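In: the following block contains a protein sequence and its predicted model.
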Amino acid sequence: MNDKPQTCFIGAGAMAEAILCGLLENTDTRPHQIRVINRTNTDRLRELEQRYQLLAANDKEETIRQAKQVILAVKPKDMADAIQQWGSCIHSGQTVISVVAGIPTSFIESLLPQPTAVIRAMPNTSSMIGRSATALCKGQYAQQKDLEAAVRIFSAIGSAIVVEEDQMDTVTGLSGSGPAYIYYLVEALEQAGIEAGLSRTVARELTLQTLLGAAHMLVETGEEPAELRRKVTSPGGTTMAGLQTLAEHRFEEAVAEAVHSAKKRAQELGRSMTALSR
Ligand SMILES: NC(=O)C1=CN([C@@H]2O[C@H](COP(=O)(O)OP(=O)(O)OC[C@H]3O[C@@H](n4cnc5c(N)ncnc54)[C@H](O)[C@@H]3O)[C@@H](O)[C@H]2O)C=CC1
Ligand SMILES: O=C(O)[C@@H]1CCC=N1
């Protein structure tokens with residue numbers, strides 16, 4: 001068995017786990033081909049290694065050097081430190097894939113010792129079950145084949161779509177953060193059901209199946225969401241009353257503002273990093 005790491009994660013948090021779990025479940029990547037490195041939390045590393053049967057990265061520098069892909073999955077504020085700490089082990093024969101919100105490929109390239117292929121990706125936590133919506137773009141040294149290899153990785157954990165880098169912050173606000181908006185909606189629906197007299201179990205079951213049914217309707221019928229919404233809404237009926245209340249509470253504006261605020265935050269994170277490196 002060739003024990004050389006194919007993929008080395010720098011950062012052992014929720015996102016690294018979601019991606020590695022997806023890779024193991026949905027591709028032919030084997031546990032011995034993955035290594036994970038973090039800063040200090042060895043308990044967390046042992047937990048991931050045990051849970052997914054990974055080999056430990058005993059010599060961290062050598063592990064990074066040997067990996068075909070290095071996936072950067074640290075918090076944006078830790079990015080500069082992480083690249084300073086590990087960047088000297090990264091070389092031009094590798095591809096660096098960053099899932100870090102807001103951080104431009106040019107920033108990563110500028111801190112690496114050699115011109116290196118950098119791919120920026122924005123997945124979401126549904127990678128855990130092979131259902132991420134990921135958008136990707138490439139930096140100045142990455143070739144089409146590097147982008148395609150990254151697309152293959154993320155296609156294995158959901159859908160993967162290539163965009164221009166100037167769209168990545170918008171993507172972050174929409175599909176990177178998106179699962180949280182949906183969970184918030186689920187919480188709100190459930191809570192409303194409970195307050196109106198349903199048991200928690202009944203409210204949960206009805207909410208989840210409604211969410212799943214609506215998602216499948218969108219995918220399987222291919223109809224426009226507005227058209228599907230129209231079909232639920234009988235004139236003078238119950239849905240119309242509910243939708244009117246949502247409109248009165250400026251539902252659409254609230255969602256648009258949420259995406260916009262998340263995008264703005266991604267831009268701020270990017271700018272603060274770029275300023276730090278000057
Ligand atoms: N959570 C999400 O839904 C998504 C997160 N992202 C991005 O993924 C990145 C990671 O997010 P999470 O996994 O949620 O964060 P997290 O806080 O759960 O994990 C971050 C990990 O980085 C490690 N770390 C920090 N500094 C390090 C260093 N110098 N060397 C090695 N490891 C270091 C920490 O020990 C920790 O294990 C963030 O940049 C975020 O923007 C992207 C898409 C979705
Ligand atoms: O909240 C965050 O910053 C990360 C990026 C996209 C989703 N979660």
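Out: Great, that's in hand. Ligands and ions are numbered 1, 2, ... in the order given.
In: can you name the residue of this structure nearest to ligand 2?
Out: Closest residue of the chain to ligand 2, CB to the nearest ligand atom: residue 176 (3.3 Å). In this view, the C-beta of every residue, glycine as well, is placed from N, C-alpha and C.
In: state the distance from that residue to residue 263.
Out: For residue 176, the distance to residue 263 equals 10 Å [CB to CB, to the nearest Å].
In: higher neighbour count, the two?
Out: Just comparing residue 176 and residue 263: by other CB atoms under 10 Å the higher neighbour count belongs to residue 176, 28 against 21.
In: so which bits of this protein are right by ligand 1?
Out: 10-16, 37-39, 41, 44, 73-76, 78, 81-82, 85, 99-101, 122-125, 176 (CB under 6 Å from any ligand atom).
In: can you select the buried ones from those residues in ChimeraX?
Out: Burial among these is assessed by 16 or more other CB atoms under 10 Å; the matching ChimeraX selection reads:
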select :10,11,12,13,15,16,37,38,44,73,74,76,78,82,85,99,100,101,122,123,124,125,176
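In: could you look up the SS state of residue 36?
Out: strand (DSSP: H, G, I helix; E, B strand; the rest coil).
In: now do the same contact list for it.
Out: 8, 9, 12, 16, 20, 45, 48, 49, 54, 57 (CB atoms under 8 Å, 6 or more residues apart in numbering).
In: looking at the residues you listed, which is nearest ligand 1?
Out: Within those, the smallest distance to ligand 1 is 3.8 Å, found for residue 12 (CB to the nearest ligand atom).
In: if we ignore the residues flanking it in sequence, what's nearest that closest one?
Out: For residue 12, ignoring the flanking residues on the chain, the nearest one in space by CB to CB, 6 or more residues apart in numbering is residue 38 at 3.8 Å.
In: which pLDDT value belongs to that neighbour?
Out: Listed pLDDT for residue 38 reads 93.
In: surely it is in contact with residue 45?
Out: Yes: using CB atoms under 8 Å, residue 38 is in contact with residue 45, at 6.0 Å.
In: quick one on the thing from earlier: which of the contacts of residue 36 fall in helices?
Out: 16, 20, 45, 48, 49 (DSSP state H).
In: how about the residues you listed in a markdown table, adding pLDDT and distance to residue 224?
Out: Shown next, in a markdown table, are these (pLDDT from 0 to 100; distance: CB to CB, whole Å):
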| residue | pLDDT | distance to residue 224 |
| --- | --- | --- |
| 16 | 94 | 37 |
| 20 | 93 | 36 |
| 45 | 95 | 47 |
| 48 | 97 | 42 |
| 49 | 96 | 47 |
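In: now those in CSV, with distance to ligand 2?
Out: Putting the ones in helices among the contacts of residue 36 into CSV (distance: CB to the nearest ligand atom, whole Å) gives the following:
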residue, distance to ligand 2
16, 13
20, 17
45, 22
48, 19
49, 24
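In: tell me the most packed of these, by neighbour count.
Out: residue 20 (27 neighbours).
In: could you say which helix or strand holds residue 119?
Out: strand 117-122 (DSSP states H and E).
In: ignore the last one, residue 217
Out: Here residue 217 is assigned to helix 200-221, by DSSP H and E.
In: could you give the mean pLDDT of the helix or strand following that helix?
Out: Per DSSP H and E, the first helix or strand lying C-terminal to helix 200-221 is helix 225-232. Averaged across helix 225-232, the pLDDT comes to 98.
In: so after helix 225-232, what's the next helix or strand?
Out: Using DSSP H and E, the next helix or strand after helix 225-232 towards the C-terminus is helix 238-248.
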